[in-house]
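Peer 1: Model the structure of this input:
(4 chains)
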Number of protein chains: 2
Amino acid sequence: MNNTLVLVVEDDVPVMNLMTTTLKTHEYRFLTAKSGTEAIMLASSHNPDVVFLDLGLPDIDGLEVIKRIRSWSNMPIIVISARSEDSDKIEALDLGADDYLTKPFSVEELLARLRVTVRRLSIMTASNDSALYINGKLKIDYSAMCAYIGDEELKLTPIEYKLLCLLAKNTGKVLTHTFITQNVWGRVSESDVASLRVFMVTLRKKLESSGDRNQYIQTHVGIGYRMLRVDEQ
Amino acid sequence: MNNTLVLVVEDDVPVMNLMTTTLKTHEYRFLTAKSGTEAIMLASSHNPDVVFLDLGLPDIDGLEVIKRIRSWSNMPIIVISARSEDSDKIEALDLGADDYLTKPFSVEELLARLRVTVRRLSIMTASNDSALYINGKLKIDYSAMCAYIGDEELKLTPIEYKLLCLLAKNTGKVLTHTFITQNVWGRVSESDVASLRVFMVTLRKKLESSGDRNQYIQTHVGIGYRMLRVDEQ
DNA sequence: TTCTGGTTTTAAGGTTGTGTTAAGATGTGT
DNA sequence: ACACATCTTAACACAACCTTAAAACCAGAA
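Peer 2: Numbers count the residues shown, from 1 in each chain, chains lettered A, B, ... in the order given. Below you'll find the predicted structure:
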């Protein structure tokens, strides 16, 4: 079973079908978008592992889609385009695309390049992430998606958990409001910052439960929040 | 100045020259190998950032070179080959190549794909590293958005922090009042210069806390301010 | 010395940002 | 449809921060 989630952005229905059936037969999970705005929304809300992006979209230019996604994420983007000029390739690659295939493309090559990308992702995550995060009494088991204070499991909602992980993975760094909302909600609107504040309250309360009086999360006025490394106690 | 080291593996001298002169003009550092065995030796001894690999080599098959390198390293390998069959591409990519260009290739595209690879490398390493400014006891961790005197963290307000960074990034240079206010407030009004003075007071006070008697910030009457480089003490 | 222009320092509003609560909206599973 | 959990939104008190003004200070020049 393959767990990779691919976002396919393509407005031409036959091509789209070709890609999705290919992905399906090779047991990839996938999402589809027929326009740039839809693509950006899905990319932010579902955080796919890879994006297949056609440049010729009905609404926004594909290059603009790359730019928007790159403003908040480094997710791999494989461009699949009918434009075969060198200048098009170079522009897309320099804007942040990871690969560029020209139509008509070979399905087998597409799959091979997808495998390259997935392989690279696994190398990156394997080397950087460890499954267990420990800071003071706080523990996070990423693979189990659980957090603990001491031995007691925290009952966190999905957003609270995401928020805690984001802070934990950046322990010591100040994260701006917009960075946080982009990574948690995948968008930035004023109201998200208000929500963020509410979540910080509940998250802090839960962290302080079980009599743990450590100050894990620090506020930076006008900027954002930071998770502190805490001494054992 | 570009610090990326590229290993170019190619037995055809004209093509080799094309690549090396291209790399030279774009200020990449590079090594060259004309055979598979030489390539493997150089790859292991110099640990290049990227490998350009021609598949048609006199001694070992290029695919074998990929296999050997992948047995101990994940360094990016960009294959450049005369074989344009899909099956060749797929085999190379599945053996561990990161990209595949067919000859004759566009120099500009090669450079663009090199930039993609370098960018990806920097993303992988940048996540943990933090850009650090050090001057006497003063430290600024830009990625964490924190400043320290010795080991003690300074509690700076947003404007104070911006101001300190601006001065630090221009250590040794005198910055005019208007330059500073433009960069901190994004506008220039008379009152901002008054505010600037107040901020200089508080900033200096915070820098002098913890008994650090270094004079970091110098006043230039009628002009502006300057951050001085300070001796260790 | 006194004056002058620029700077430092202090302190008092005024503005903005944050924590907190609670009610309403949304979603999910039964 | 219902109950339940979760999320969003709005409101408000409080804290942090910024601006402004005014006084003290410190040259150098008359």
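
Peer 1: What is the worst-scoring helix or strand of chain A on mean pLDDT packed up against?
Peer 2: The helix or strand of chain A with the poorest confidence is helix A:36-46; it has a mean of 82 (mean pLDDT, DSSP states H and E). Using 3 or more CB pairs under 8 Å, 6 or more residues apart in numbering or on different chains; DSSP states H and E, the elements in contact with helix A:36-46 are strand A:5-9, strand A:29-33, strand A:50-54, helix A:62-70. All C-beta spots, glycine's among them, are computed from the backbone N, C-alpha and C.

Peer 1: close to DNA strand D, is that helix?
Peer 2: No - on the criterion CB under 7 Å from any atom of the strand, helix A:36-46 is out of touch with DNA strand D, staying 10.6 Å away.

Peer 1: what's the domain layout of chain A?
Peer 2: With domains defined by automatic domain parsing, chain A comprises A:5-128, A:132-227.

Peer 1: Tell me which of these is the most buried.
Peer 2: Among the domains of chain A, the stretch with the highest mean neighbour count (mean count of other CB atoms under 10 Å in any protein chain shown) is domain A:5-128, at a mean of 18.

Peer 1: any idea how far the most centrally placed residue in chain A lies from DNA strand D?
Peer 2: In chain A, the residue lying closest to the centroid (CA atoms, centre = their mean) is A:N47, at 3.9 Å. As judged by CB to the nearest atom of the strand, to the nearest Å, A:N47 and DNA strand D stand 15 Å apart.

Peer 1: pretty sure that residue is touching A:V184, no?
Peer 2: No - the pair A:N47 / A:V184 is not scored as a contact, 10.3 Å apart, by CB atoms under 8 Å.

Peer 1: re the thing from before, show me the one of the domains of chain A that comes nearest B:R29.
Peer 2: Comparison of the domains of chain A against B:R29 by CB to CB identifies domain A:5-128 as nearest, at 21.2 Å.

Peer 1: any idea how far the closest one is from the chain center?
Peer 2: For domain A:5-128, the separation from the chain centroid amounts to 14 Å (computed by CA atoms, centre = their mean, to the nearest Å).

Peer 1: how close does A:L166 sit to DNA strand D?
Peer 2: A:L166 sits 14 Å away from DNA strand D, going by CB to the nearest atom of the strand.

Peer 1: does A:I78 sit in a helix, a strand or a coil?
Peer 2: Secondary structure assignment for A:I78 (DSSP: H, G, I helix; E, B strand; the rest coil): strand.

Peer 1: Give me the pLDDT value at the residue in chain A that DNA strand C sits nearest to.
Peer 2: Of all residues in chain A, the one sitting closest to DNA strand C is A:T219 (3.6 Å; CB to the nearest atom of the strand). A:T219 is assigned 93 on the pLDDT scale.

Peer 1: can I get the CA coordinates of stretch A:16-32 in CSV?
Peer 2: Taking Å, rounded to 0.1, in the frame of the first residue of the first chain, the C-alpha atoms of stretch A:16-32 are listed here in CSV:
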residue,chain,number,x,y,z
MET,A,16,-6.6,14.2,-16.0
ASN,A,17,-8.2,10.8,-16.4
LEU,A,18,-5.0,9.4,-17.7
MET,A,19,-3.1,10.6,-14.7
THR,A,20,-5.6,9.6,-12.1
THR,A,21,-6.1,6.1,-13.4
THR,A,22,-2.4,5.7,-13.5
LEU,A,23,-2.1,6.9,-10.0
LYS,A,24,-5.0,4.6,-9.0
THR,A,25,-3.5,1.5,-10.5
HIS,A,26,-0.2,2.2,-8.7
GLU,A,27,-2.1,2.7,-5.5
TYR,A,28,-1.3,6.4,-4.9
ARG,A,29,-3.8,8.5,-3.1
PHE,A,30,-4.7,11.6,-5.0
LEU,A,31,-6.7,14.9,-5.1
THR,A,32,-7.7,16.7,-8.3
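
Peer 1: mind checking how far the nearest residue in space to A:K67 that is not next to it in sequence is from A:I40?
Peer 2: Residue nearest to A:K67 in three dimensions, not counting chain neighbours: A:L95, with 5.8 Å by CB to CB, 6 or more residues apart in numbering or on different chains. For A:L95, the distance to A:I40 equals 14 Å [CB to CB, to the nearest Å].

Peer 1: Regarding chain A, what is its longest helix?
Peer 2: Ordering each helix of chain A by length in residues (DSSP state H) puts helix A:107-128 first.

Peer 1: What lies in contact with it?
Peer 2: A:4, A:6, A:18-19, A:22, A:26, A:28, A:49-50, A:52, A:76, A:78, A:80, A:98-99, A:101, B:74, B:86-87, B:89-90, B:93-94, B:96-99, B:120, B:124, B:127-128 (CB atoms under 8 Å, 6 or more residues apart in numbering or on different chains).

Peer 1: Same list (the helices and strands packed on helix A:36-46) but as TSV, adding mean pLDDT.
Peer 2: TSV is the format used below for the helices and strands packed on helix A:36-46 (pLDDT from 0 to 100):
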stretch	mean pLDDT
strand A:5-9	93
strand A:29-33	90
strand A:50-54	96
helix A:62-70	90
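
Peer 1: Same list (these) but as CSV, adding distance to DNA strand D.
Peer 2: CSV is the format used below for these (distance: least, CB to the nearest atom of the strand, whole Å):
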stretch, distance to DNA strand D
strand A:5-9, 20
strand A:29-33, 20
strand A:50-54, 23
helix A:62-70, 20
